[in-house]
Each structure stands twice: as C-alpha cells, then as structure tokens.
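Chemist: Provide a 3D model corresponding to the input given below.
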Amino acid sequence: MRIIRFMQDQWFLITLVILVVISSQHQVPVEHQKTKSTLVSYICVSVIFFLTGCTLKTQILIENYSRWKIHLFVQLQSFFMTSLVMFAIVSMAASNKDFMDPGLLVGMILTGCVATTISSNVVMTGDAHGNQALTVVQSTIGNVLGPFITPLLFKGYTSSGAWYNSVLPAEPGGYGELYKRVFKQLGLSVFIPLLVGQAMHNFFPGPVKLLCTTYKLSKLGSMALLIIIWQTYDSAFSSGAIRQVPGSNIAFVVFMSMAMFGLFLLISLYTAKMWLSRADTVACCYCVPAKTPAMGVPISTVLFVGLTPMLEAKLQLPLVLYQGLQIMAGTILTGPFRRWVDSERQEAEPGA
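Modeler: Residues are numbered from 1 along each chain as shown. Here you go, the predicted structure:
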C-alpha cells in the first residue's frame, strides 16, 4: 500500500523519468524536430494558461500585478543574482583549459542569464498551494523583460576576453528576429489563452468549476507540462551533443546545476519568508531558481551568425539539463511546500 500511495503522490516525477528514458532511446526524426517543437510550445503552453485562467480570480490576478516590490525582489534575483553566481562558477572551472568544453562553459553562462520558466512554475505553484496568481505575474514579467535583459547580460559576461569565448562567432546576430519570435509565442500561447480562460471563469463559473474540480480537467496542465519536458529532451538527444561531450563534462554540469538550483532556492526562501506569507514565498521559490529553454534556445540561435549545429547544441545543453533537474526538484518540493503553506492557513483560521 505504501508503494501504491508513493506512486500516486509522485506520479508526475515517475512519468518524467520514464519520458526521459524514452527520449534517450527514440527521438523524433531530425526533419520533424522543428515542427514538433513549435506545436508543443504553442499547444501545450496554451493549455496550461487556459486552465490557469479558468481557475484564477481576476481581482487576485490584478492585485498581484500591482505588487511592485515583489516584482523587483524576484526579477533582480532571477536575472542578476543567478547570472553573477553562474559566471563565477564558470570562471573558476575555466582556470584549467583541459577540464571543460568551452561550448558548455558558455552555455552555463547563458543558463544563468535567461528568464524564469512559465509553465512548470505555474503548475507546481498550484500543486504546492502557493500563490499561483503571483507566479503567473512574475513569470510573464520575467519573460517580457528577458529578450531585453538576457542578451545584455550574456554579451557582458562573454566579452571578458576569457579563452572559452573564442568558440563564439565574431559576427553578432540581430535582435529583431528574437523579439518577434519571443513576443509572438508569449502572445499566442500565454496572454490570449489566459484571457480566454479568465472570460470562461467570469461568464461561466458553474460549468468551469465543475470541469476543473469534479472531472479533474486541471490535470491536463500537468500532462501538457510533461509533453513540454519530453520534447526538450527529445531535441537534446536528437542533436547528438550529449554523445559528443565527455561524460566528465556532463557530470560536472549536472552536479553544478543541482548545486546552483539548491543555492538559488535557499536564497529566495530565506529572503522571501522574512517579509512575505508562505504562499507568496513558495511562488518566489519556484520563480527565482527556474530557467526557461523556451527563451534560452532562441536566444542562443539568433545572437550570433554562423553557429555550427554542434556548438548550438552545446550552448543549449546546460540549459536543458538544468531544466530537467529543476522540474524534478520542484516536483519533490510540492509536498513539503503544500504542508508548510497549509499549516499557516490552519493557524490563521478562527479557533485553530
């Protein structure tokens, strides 16, 4: 019975591991990779934000957009604290030129510079009983700022003259295509589905509540997230970068990704709980450490002209590995966070 209860509680994590194993053995054909990524990015993210819009009260969403102090708190940590720490780690690792592949080192810097992810943040904050509206707000703000802040941070860190930066092409790319791609995806897969969900929530509250609670329609969000993660790993294994990079390098990136996620999580947890409620703190803990391949991948492809497919894959690999680890860690944390948030709410109830 304990095994069954464990599998029921951790079904998401178990399914995630199975999907990663499957993607390592069988990938979508190379000629269909772009189509697959586009369909998954738009359809699955749209499903998540439509369902989020159906379950959030409009007034709560508006109230969270006005909380500018939390916006500064989260975004400064998400962009500047994480990128500075990651750059310091890369600088130390690069002291031995024979230790790490230069493409992976630059990819680690890129990982530290990109914005927080959206889909997994929203799903997991809801599962942990955190302030899901605040997570929606922080995630969307970060992804709107990302196309402007991330290239500046990345260019700043990679212009240091370090030896590993020599792998990057000298000719810079253009930003126009980046902005067009990112904001098109945000508009079609985040904002429009969220607004449609809000309209359904306000005009048809009864049927929407019935579908989301009685028929567990909200579980579709978790299924959509699993498909998003699968396609990311499918692309990583399809590129061949994992097989081309030494195993010791992969092990280092995995270890440092775990260490950095843990560090960023602890910093956000202890700084947030000093002045925020537990539900708000949980939202911050999911937003600050997380990084999004949805923005990191297009940035890596448009910032420079002449990237080889292998170098492009190496730049993206640390971000893909980091995402998988952050999903696993975030899934494990939903239970402890849920109990932590619920205990505060029970203490606040009259007669508790």
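Chemist: Let me see the mean pLDDT of the helix or strand harbouring residue 324.
Modeler: Using DSSP states H and E, residue 324 falls within helix 309-348. For helix 309-348, the mean pLDDT works out to 87.
Chemist: Any idea how far apart the tips of stretch 71-88 sit?
Modeler: One end of stretch 71-88 sits 25 Å from the other (CA to CA, to the nearest Å).
Chemist: Give the buried residues for that stretch.
Modeler: 71, 73-75, 77-79, 81-83, 85-87 (16 or more other CB atoms under 10 Å). In short, each C-beta sits where N, CA and C put it, glycine included.
Chemist: Can I get those residues in JSON lines including pLDDT and distance to residue 249?
Modeler: Shown next, in JSON lines, are the buried residues of stretch 71-88 (pLDDT from 0 to 100; distance: CB to CB, whole Å):
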{"residue": "71", "pLDDT": "96", "distance to residue 249": "37"}
{"residue": "73", "pLDDT": "97", "distance to residue 249": "34"}
{"residue": "74", "pLDDT": "97", "distance to residue 249": "32"}
{"residue": "75", "pLDDT": "97", "distance to residue 249": "31"}
{"residue": "77", "pLDDT": "97", "distance to residue 249": "28"}
{"residue": "78", "pLDDT": "97", "distance to residue 249": "26"}
{"residue": "79", "pLDDT": "97", "distance to residue 249": "26"}
{"residue": "81", "pLDDT": "97", "distance to residue 249": "25"}
{"residue": "82", "pLDDT": "97", "distance to residue 249": "21"}
{"residue": "83", "pLDDT": "97", "distance to residue 249": "21"}
{"residue": "85", "pLDDT": "97", "distance to residue 249": "20"}
{"residue": "86", "pLDDT": "97", "distance to residue 249": "16"}
{"residue": "87", "pLDDT": "97", "distance to residue 249": "18"}
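Chemist: Mind putting those into a markdown table with distance to residue 325 and secondary structure?
Modeler: Conversion of the buried residues of stretch 71-88 to a markdown table gives the following (distance: CB to CB, whole Å; DSSP: H, G, I helix; E, B strand; the rest coil):
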| residue | distance to residue 325 | secondary structure |
| --- | --- | --- |
| 71 | 26 | helix |
| 73 | 24 | helix |
| 74 | 20 | helix |
| 75 | 22 | helix |
| 77 | 19 | helix |
| 78 | 17 | helix |
| 79 | 20 | helix |
| 81 | 19 | helix |
| 82 | 14 | helix |
| 83 | 18 | helix |
| 85 | 16 | helix |
| 86 | 14 | helix |
| 87 | 19 | helix |
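Chemist: For the residues you listed, give me CSV that also has distance to residue 132.
Modeler: Converted to CSV, the buried residues of stretch 71-88 look like this (distance: CB to CB, whole Å):
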residue, distance to residue 132
71, 16
73, 18
74, 15
75, 18
77, 20
78, 18
79, 22
81, 24
82, 22
83, 26
85, 27
86, 28
87, 32
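Chemist: quick one: which of the residues you listed is nearest residue 131?
Modeler: residue 74 (11.7 Å; CB to CB).
Chemist: who's in contact with that closest one?
Modeler: Neighbour list for residue 74: 116, 138, 142, 268, 284, 287-288 [criterion: CB atoms under 8 Å, 6 or more residues apart in numbering].
Chemist: Just list the residues touching the closest residue to it other than its chain neighbours, thanks.
Modeler: Excluding the flanking residues, the one nearest residue 74 by CB to CB, 6 or more residues apart in numbering is residue 138, at 4.8 Å. When contacts are counted by CB under 8 Å, 6+ apart, residue 138 touches 70-71, 74-75, 116, 121, 283-284, 287.
Chemist: do the same with residue 254
Modeler: 321, 325.
Chemist: can you pull the pLDDT of it?
Modeler: In this model, residue 254 carries a pLDDT of 94.
Chemist: Okay, buried residues for the helix or strand containing it please.
Modeler: Per DSSP H and E: residue 254 is located in helix 247-272. By neighbour count on 16+ other CB under 10 Å, the buried set for helix 247-272 is 249-250, 252-253, 256-258, 260-261, 264-265, 267-269, 271-272.
Chemist: Just give me the closest of the residues you listed to residue 2.
Modeler: For the buried residues of helix 247-272, with residue 2 as the reference and CB to CB as the criterion, the closest is residue 258, at 27.0 Å.
Chemist: Correct me if wrong: the closest one contacts residue 325.
Modeler: Yes - using CB atoms under 8 Å, residue 258 makes contact with residue 325 at a distance of 5.7 Å.
Chemist: Next, the contact list for the spatially most central residue of the chain, please.
Modeler: The structure's the chain has its C-alpha centroid closest to residue 117; by CA atoms, centre = their mean the separation is 2.7 Å. The contact partners of residue 117, by CB under 8 Å, 6+ apart, come to 139, 290-294, 323, 326.
Chemist: Repeat the analysis, applying 7 Å as the threshold.
Modeler: Contacts for residue 117 were tallied using CB atoms under 7 Å, 6 or more residues apart in numbering; they are 290-292.
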